[in-house]
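> Just the structure for this:
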Amino acid sequence: MGFHQELGHKYGSQVHIIDSPFLSGLLARLCSPDCYQPEINRIVEVLYTHLISIIMNNEFKLENFTQPTRMTDVHPDKKLQGVRLSAEQKAVSVNLARAGTYPSHICYNALHFSLKPQNVRQDHIFAARVTNNKDKVTGAEFGGMKIGGDVKDAHVIFPDPMGATGNTMITAVDHYKTHIEGPAKKFIALNLIVTPEYLKNVLTAHPDVVIYALRLDRGLSSAAVLEAIPGEFWDQERGLNDKQYIVPGGGGFGEIMNNSFV
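Next up is the predicted model:
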């Protein structure tokens, strides 16, 4: 069941690039050179509130319900009927510090609106990209973590704004699969921006990961590639510069969101 529009592409059915003029406009504002605090976090809150609602509608189990309203005393045979998310499901939102800290907290709060509190958890991983002497990303390093239990039958959600190389996402999913009791019901990446390189790397390492994003950036691709359907010439698409930052991108969200430029 779909509740939104998506960009057409050839990256595979588990990739969802949301096509929303409202959200696209907000994300463009977030990426502009003059967007700093407190505006940036206000925009991030709106974007991630929409994103988490989309993935809950699409990826979580639904159920039919019947309930009374304030009018039931007057019309006892006219109960409210509808469809909602099943509260019995489990979900874990993973804070990939530091750009993912605020987005994860937004998702964690939103999950509580539909699921039982005892079924919702937030984990924390302190991640940093590892680079070589040419500033090329070679992997991800975890400086510490707080993981609050198993992920058996849980939706494990990674709200990480920038899907650049995929190294952090791959290492995080690796960790859950190899060190945390499962299996998880689903692993879901929740990004604002992704590159073709990120999609290829993550899906090659973990073909089961479901990816949602608001924008695909492949700004360093040739004009001919840009005119084609995204994914048609996947190997020729390029969204990362030589230092593996996203183009056109939005710069380092982690620095701006935390007002900490290190």
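> Could you confirm Val130 falls within a helix?
No - assignment of Val130 by DSSP: H, G, I helix; E, B strand; the rest coil gives strand, placing it outside any helix.
> now it: how far from Thr138?
Applying C-beta to C-beta, to the nearest Å, the value for Val130 to Thr138 is 5 Å. Where you see a C-beta, it was placed from the backbone N, CA and C, and this is true even at glycine.
> so what sits against both of the two?
Asn167 (C-beta atoms under 8 Å, 6 or more residues apart in numbering).
> For the chain, give me the ranges with low pLDDT.
Of all residues in the chain, those with pLDDT under 70 make up the ranges 1-3.
> Quick check: nearest residue in space to the most centrally placed residue in the chain, chain neighbours excluded?
The centroid of the chain falls nearest to Leu190 when counting by C-alpha atoms, centre = their mean (0.6 Å). Distances taken as C-beta to C-beta, 6 or more residues apart in numbering place Pro159 nearest to Leu190, at 4.4 Å, with adjacent residues excluded.
> quick one: Pro90 and His155 touch, right?
Careful, residue 90 is Lys and not Pro. Yes - contact criterion C-beta atoms under 8 Å: Lys90 and His155 qualify, at 7.0 Å.
> quick one: which of the two has more around it?
His155 (24 against 20; other C-beta atoms under 10 Å).
> measure the more buried one to Met56 for me?
9 Å.
> same deal with His105?
From His105 to Met56 the distance is 16 Å (C-beta to C-beta).
> quick one: which of those two has more around it?
Met56 (22 against 16).
> By residue count, tell me the biggest helix in the chain.
helix 39-59 (DSSP state H).
> so what secondary structure elements neighbour that one?
helix 21-31, helix 101-111, strand 154-159, strand 186-194, strand 210-216, helix 253-258 (3 or more C-beta pairs under 8 Å, 6 or more residues apart in numbering; DSSP states H and E).
> With distance to Thr178 as extra columns, can I get these in TSV?
Below are those laid out as TSV (distance: least, C-beta to C-beta, whole Å):
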stretch	distance to Thr178
helix 21-31	34
helix 101-111	21
strand 154-159	14
strand 186-194	13
strand 210-216	19
helix 253-258	26
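> returning to that earlier point: from Leu80, how far out is the residue nearest to the centre of the chain?
31 Å.
> Run a quick neighbour tally on the closest residue to Arg98 other than its chain neighbours.
Nearest residue to Arg98, sequence neighbours excluded (C-beta to C-beta, 6+ apart): Gly254, at 4.7 Å. Counted by other C-beta under 10 Å, the residues lying close to Gly254 total 20.
> Over to Gly143?
Using other C-beta under 10 Å, Gly143 has 9 other residues around it.
> Skipping its backbone neighbours, what lies nearest it in space?
Phe126 (4.3 Å).
> That neighbour touches Gly100, doesn't it?
No - at 10.5 Å, Phe126 and Gly100 do not qualify as touching, with contact defined as C-beta under 8 Å.
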